[in-house]
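Asks: 3D model of this:
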Amino acid sequence: MSRLALAVPLGLVGFLAYVAAAVALADHVLGRHWALEVAYFALAGTLWVLPARRLMLWAAGAR
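Replies: Numbers count the residues shown, from 1 in each chain. A predicted model of the protein is given here:
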C-alpha cells in the first residue's frame, strides 16, 4: 500500500477529529472576553496546518 493511500484517510479522519475537538473547546471560550475568543479562533484555525504539513511531506516521501 502506498503512502498516499494511507495518508488520505488518515488526514481526513485526523482533520475531522481536530474539528470536533476545536468545536467542543470553543463552547468553553464563547462568551468570555473578546480577546480570548480572537486568540482561540486564530490558533484553532491555523494549528491544524502543522500535522497536515507533516503528513503531506511523509506521503510525498520527503525527508
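Asks: only C-alpha atoms for contact and neighbour calcs from this point on.
Replies: OK.
Asks: pLDDT below threshold where in this protein?
Replies: Low-confidence segments of the chain, defined by pLDDT under 70: 62-63.
Asks: most centrally placed residue in it?
Replies: W48 (2.6 Å; Cα atoms, centre = their mean).
Asks: what's that residue in contact with, if anything?
Replies: Applying Cα atoms under 8 Å, 6 or more residues apart in numbering, one finds that W48 lies in contact with F15, Y18.
Asks: Please state the backbone phi and psi of it?
Replies: Dihedral pair for W48: phi -70, psi -20, per degrees, to the nearest 10.
Asks: Could you point out the longest helix of the protein?
Replies: Determined from DSSP state H, the single longest helix within the chain is helix 3-29.
Asks: From the chain's centroid, how far away is that one?
Replies: Centroid separation for helix 3-29 versus its chain: 6 Å, with Cα atoms, centre = their mean, to the nearest Å.
Asks: Check stretch 27-44 too.
Replies: Centroid separation between stretch 27-44 and its chain, computed with Cα atoms, centre = their mean, is 17 Å.
Asks: So which bits of it are buried?
Replies: Using 16 or more other Cα atoms under 10 Å as the burial criterion, the residues of stretch 27-44 that qualify are V29, E37, Y40, A44.
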